[in-house]
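**Student:** here is my input; please provide its structure:
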Amino acid sequence: MSDFVTGVTFGGTEWTPAYVTDLNQRTCIGCGRCFKVCPRDVFDLIDKDEAFDAEEFDDDYGDFEDDDNTMVMSLKNAADCIGCEACSKVCPKDCFTHEHKAAA
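**Tutor:** Numbers count the residues shown, from 1 in each chain. The predicted model follows:
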């Protein structure tokens, strides 16, 4: 028996969900792919200014002020995550951290 929560596919194969625990907003480009693919309304698109202070943003290329993308994704309802990892699979910037949950 697994030490983690497990699920079973329709075909009977066991799988271990990995729940989203973090989203790196500094690497997020606000493309919305994770938002569109998530079946549980876990994410929300917010202004970069809400996510972090723009003056503290480490902008190696000096183009933060000229960036047309002023939005980043945030975790709105992380507790609703079902562990499918679809968000991670569509993210072009590898912004997500996932963890397995210990079985009760």
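
**Student:** okay, now the unreliable bits of the protein?
**Tutor:** Residue ranges of the chain with pLDDT under 70: 1-2, 53-69.

**Student:** which residues of it fall in strands?
**Tutor:** Remark: strands assigned in the chain by DSSP state E are 7-8, 14-15, 19-23, 43-47, 71-75, 96-99.

**Student:** nearest to Gly30, of those?
**Tutor:** Ranking the strands of the chain by proximity to Gly30 (C-beta to C-beta) places strand 71-75 first, at 3.8 Å. Using the backbone N, CA and C atoms, a C-beta is placed for each residue, glycine as well.

**Student:** how much does the closest one deviate in direction from strand 43-47?
**Tutor:** Relative orientation of strand 71-75 versus strand 43-47 (axes from the mean of the first three to the mean of the last three C-alpha atoms, to 10 degrees): 140 degrees.

**Student:** helices and strands around strand 71-75, which ones?
**Tutor:** Judged by 3 or more C-beta pairs under 8 Å, 6 or more residues apart in numbering; DSSP states H and E, the packing partners of strand 71-75 are strand 19-23, strand 43-47, helix 48-51.

**Student:** which parts of that strand are buried?
**Tutor:** 71-75 (16 or more other C-beta atoms under 10 Å).
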